[in-house]
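Q: Fold the following.
(chains A and B)
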There are 2 protein chains.
Amino acid sequence: MDSLAYTPFDRAEFDHRIERARRAMEENKLDAIVVSSEANLEYLSGMVTQFAWVTPTRPFFFVVPRNGDPIGIIPEIGHTNWLDTSWCTNIATWPSPRPDDEGISLLGELFSGLRRKHGRIGFEIGPESRIGMPVADLWRLKSEINYEIADCQLLMAKLRLIKSSAEIARIRLACGIAGQAFGELPRSARIGDSEQKIHREFMASLIMKGADAVPYLAIGSGFGGYTSIIRGPTDRVLGRGDVLLLDTGSKIGGYYCDYDRNFAFGKPSDEVLRVHEALWLATEAGIAAARPGRKTSDLFHAQADVLSSHGYNVGNVGRFGHGLGKIVTEFPSNAPGDQTLLEPGMVFTIEPSAEYDDKIMAHEENIVITEDGAELISPRAAREIPVIDT
Amino acid sequence: MDSLAYTPFDRAEFDHRIERARRAMEENKLDAIVVSSEANLEYLSGMVTQFAWVTPTRPFFFVVPRNGDPIGIIPEIGHTNWLDTSWCTNIATWPSPRPDDEGISLLGELFSGLRRKHGRIGFEIGPESRIGMPVADLWRLKSEINYEIADCQLLMAKLRLIKSSAEIARIRLACGIAGQAFGELPRSARIGDSEQKIHREFMASLIMKGADAVPYLAIGSGFGGYTSIIRGPTDRVLGRGDVLLLDTGSKIGGYYCDYDRNFAFGKPSDEVLRVHEALWLATEAGIAAARPGRKTSDLFHAQADVLSSHGYNVGNVGRFGHGLGKIVTEFPSNAPGDQTLLEPGMVFTIEPSAEYDDKIMAHEENIVITEDGAELISPRAAREIPVIDT
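A: Residues are numbered from 1 along each chain as shown, chains lettered A, B, ... in the order given. Below you'll find the model as predicted:
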């Protein structure tokens, strides 16, 4: 793959995002929002970088005030990268590293020039947030400005929840890449391979097929099943009677897929066939239940009911899927206590898991909510667990 | 590579880390420290996961009290993963997702049972920190407990600064993997390749050679030089007269290498040869200046002096290298204002960069400070820029 596999977002896409953000700011009584996390900064500013998210030395900020131009407040080293990738040419920079003032005085000056209405500024501090700056810097800023620090994480999560067709195209692309890699696995993995080897070759395969990055690739294996669905590879060697799980959050153009596949090494036991069948049916039920007007809790119950009717406990995962997009798990959860109404453009994982003996098995597919139902965007797993017997 | 390429850290290594942490806690008047970021949680607890760091839904905490047993406070889903990888079997779990209480009441209970001496608890809030929990949860906790929230980031950064031989072995391994991949590049990259293609194949090569992950891989290219040292790939096609930069933070066993290489496509111009030579000599000077008793500022000036004597400006990077280990850029900076004393076991990048025309060129090597100097752990770049001419 030599060139970009997707169309860049056009300016109208970003204008629409900023417009929706401003509407939500008004509802939330915020005079400005400041985003510093990868997902939210990239979503609003369009700035694409790996740099800011692996090295914590220099924070990057994007500020959307209620009135006036949005602005990037960034370290000097990011100047070219910003202008090359963001729609926004309005930036202020500081020479960084400067540990005693990493952008804080620039933020303070900006706030003092804001037209004050609500007296509140939103930072990413709410549920599921990971702010992209040191907390002590936020506290210092709080003590120096005449504004209340409020949350903008939930506002951003809700904005990002409804995807544009251009965003869905990227998630679909990520799903397709993983689908090709999963499809080839039975021809490359062998009885006698280690988890390390399978994991490494699968990750390289995802990259060569077009993934920009593979930030998440869990692997599990064991005789008759595995015990964790979130672990990295060990040097365990796979033998006959084993079950293998691979679960990947692969990324392209800033968007993730997130789904898994199970494989039997040699003839699977009756028990493995039974739990695989129950999970496959639970996934079917979850997909079938997904349509506008239903709730995330309905997605959970549709899946849980199938598992219960097959006699399985629901395990310790706490939910049967979640939002998917610029983060591998985003708001909301398909959980009994979550009442988010499904709307067209939302992207979810349908992800039942079941306990049996001391083991757990998980299935996962990715869907987008449409006008009258849901469309599967990951290639549907085979109903019978694929067998690797060479 | 089928099996683990490095020896697991033994229990003595972790005992030593906890003991050093406790000494630092006493100096910093802290009754406990709570770590929730990947680098610090992994460093102290040994727990290895990708899961916690890509999905922000469920935070993981590791608490080291002044007295008594350290404890992992983790979501139920992480139970098996924790016990499989951490030396610490003392854990408390909660059913997550539970957005209104993601581990916060468990932390509160733990603090109320602490033996109080200083009245302060350390969280990762200081310079270069990125806390692994929502800020609003920390604020809530702060209001509910009878302890001052202090910083433990600097304490942790200083602990991690002196590496054990087992840690250095992993960084050396990462350096070696990248060295192999860089070494092969002139045989795989071609005039007419796009940045996308070179980037993708180089990333897959790093993974197949043993990297667990490639969280950072910057690429730059342009006729006579590039303009940014921190960008991702574009679909720009490389032609004769171009200079290519690849800079990778590749990871193995939780430790990074961080160095770059430049390549000329076709015959390099005199100017490219000149700046490459100046940077190569600046790197030599940086390595030669590195020995116990010198300061990080000395590393900067040694490199800057060479560049000045060759007539180059030092660019907008703000430093000429930094600490390296569990994060691709860690404390401290090789900067004029940083006076950290070099000690055996510290690992640094030596990383001069120079501006010419509207371009920038960077060089980078990795070193470990020894008893009487410094040892190069990345394979030294060729003095003349390698030429790709096919």
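Q: hey, let's count contacts and neighbours off CA atoms from now on
A: Will do.
Q: ranges for the helices of the stretch 251-390 of chain A?
A: Applying DSSP state H, counting those that start in this stretch to the stretch 251-390 of chain A gives helices spanning A:270-289, A:296-309.
Q: Can I get those helices in TSV including mean neighbour count, mean pLDDT and distance to chain B?
A: Listed next are the helices of the stretch 251-390 of chain A as TSV, based on neighbours: other C-alpha atoms under 10 Å in any protein chain shown; pLDDT from 0 to 100; distance: least, C-alpha to the nearest C-alpha, whole Å:
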stretch	mean neighbour count	mean pLDDT	distance to chain B
helix A:270-289	21	98	18
helix A:296-309	22	97	13
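Q: Show me chain A divided up by domain.
A: Listed domain ranges for chain A are A:11-160, A:162-388 (source: automatic domain parsing).
Q: what's the most buried one of those?
A: Among the domains of chain A, domain A:162-388 has the highest mean neighbour count (mean count of other C-alpha atoms under 10 Å in any protein chain shown), at a mean of 21.
Q: Can you get me the start-to-end distance on that domain?
A: Its start and end residues considered, domain A:162-388 measures 39 Å (C-alpha to C-alpha, to the nearest Å).
Q: so how far is it off the chain centroid?
A: 13 Å (C-alpha atoms, centre = their mean, to the nearest Å).
Q: Verify the contact between A:Pro332 and A:Leu341 for me.
A: No: with contact defined as C-alpha atoms under 8 Å, A:Pro332 does not reach A:Leu341; the gap is 10.0 Å.
Q: Overlap of the contact sets of the two?
A: Common neighbours of A:Pro332 and A:Leu341, using C-alpha atoms under 8 Å, 6 or more residues apart in numbering or on different chains, are A:Thr296.
Q: pLDDT wise, what is A:Glu355 at?
A: On pLDDT, A:Glu355 comes in at 94.
Q: contacting residues for it?
A: A:Tyr312, A:Asn313, A:Val314, A:Gly315, A:Met361.
Q: Identify the residues contacting the fourth one.
A: Pointing back at A:Gly315 there. By C-alpha under 8 Å, 6+ apart, the residues touching A:Gly315 are A:Ser353, A:Ala354, A:Glu355, A:Ile360.
Q: Mind doing that once more with 6 Å?
A: A:Gly315 makes contact with A:Ala354, A:Glu355, according to C-alpha atoms under 6 Å, 6 or more residues apart in numbering or on different chains.
Q: List the backbone torsions phi and psi for it.
A: Here is the backbone geometry of A:Gly315 (degrees, to the nearest 10): phi 80, psi -170.
Q: From B:Ser112, how far out is it?
A: From A:Gly315 to B:Ser112 the distance is 31 Å (C-alpha to C-alpha).
Q: re the thing from before, okay, the helices of the stretch 251-390 of chain A in a markdown table with distance to A:Lys117 next?
A: Listed next are these as a markdown table, based on distance: least, C-alpha to C-alpha, whole Å:
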| stretch | distance to A:Lys117 |
| --- | --- |
| helix A:270-289 | 43 |
| helix A:296-309 | 35 |
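Q: Could you find the closest non-adjacent residue to A:Ile91?
A: With sequence-adjacent residues excluded and distances taken as C-alpha to C-alpha, 6 or more residues apart in numbering or on different chains, A:Ile91 is closest to A:Gly72, at 4.5 Å.
Q: Just list whatever residues bridge to the one you found.
A: As for beta bridges, A:Gly72 partners with A:Phe62, A:Ile91 under DSSP bridges.
Q: Is A:Ala218 located within a strand, as I assumed?
A: Yes: membership of A:Ala218 in a strand is supported by DSSP: H, G, I helix; E, B strand; the rest coil.
Q: beta partners of it?
A: On the basis of DSSP bridges, A:Ala218 is bridged to A:Asp247.
Q: For it, give me its contacts.
A: Applying C-alpha under 6 Å, 6+ apart, the residues contacting A:Ala218 are A:Ile230, A:Arg231, A:Gly232, A:Leu246, A:Asp247.
Q: Tell me how far the nearest residue to the third one once chain neighbours are set aside lies from A:Glu355.
A: Pointing back at A:Gly232 there. Sequence neighbours aside, A:Ala218 is the residue nearest to A:Gly232 in space, at 5.1 Å (criterion: C-alpha to C-alpha, 6+ apart). Look at A:Ala218 and A:Glu355: by C-alpha to C-alpha, they are 18 Å apart.
Q: A:Ala157 too?
A: A:Ala157 is 31 Å from A:Glu355, where distance means C-alpha to C-alpha.
Q: Next, the nearest residue to A:Asp372 once chain neighbours are set aside: phi, psi?
A: In this structure, A:Asp372 finds its nearest non-sequential neighbour in A:Arg291, 6.0 Å apart by C-alpha to C-alpha, 6+ apart. In terms of degrees, to the nearest 10, the main-chain angles of A:Arg291 are phi -160, psi 160.
Q: interface residues of chain A facing chain B?
A: A:2-3, A:51, A:55-57, A:77, A:81, A:96-97, A:125-126, A:128-130, A:134-136, A:194, A:196-197, A:204, A:230-231, A:235, A:316-318, A:329 (C-alpha under 6 Å from any C-alpha of the partner chain).
Q: Tell me which of the helices of the stretch 251-390 of chain A sits nearest to B:Ile369.
A: For those, the distance to B:Ile369 is smallest for helix A:270-289, at 53.5 Å, taking C-alpha to C-alpha.
Q: For that closest one, output the C-alpha coordinates as CSV.
A: Extracted in CSV, the C-alpha atoms of helix A:270-289 (Å, rounded to 0.1, in the frame of the first residue of the first chain):
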residue,chain,number,x,y,z
ASP,A,270,-17.6,-30.6,22.7
GLU,A,271,-17.4,-28.0,25.4
VAL,A,272,-15.5,-25.6,23.2
LEU,A,273,-18.0,-26.1,20.4
ARG,A,274,-20.9,-25.5,22.8
VAL,A,275,-19.6,-22.2,24.2
HIS,A,276,-18.5,-21.0,20.8
GLU,A,277,-22.0,-21.7,19.5
ALA,A,278,-23.6,-19.9,22.4
LEU,A,279,-21.4,-16.9,21.9
TRP,A,280,-22.0,-16.9,18.2
LEU,A,281,-25.7,-16.8,18.8
ALA,A,282,-25.4,-14.2,21.5
THR,A,283,-23.5,-12.0,19.0
GLU,A,284,-26.3,-12.6,16.4
ALA,A,285,-28.8,-11.5,19.0
GLY,A,286,-26.8,-8.4,19.9
ILE,A,287,-26.6,-7.4,16.3
ALA,A,288,-30.3,-8.1,15.7
ALA,A,289,-31.2,-5.9,18.7
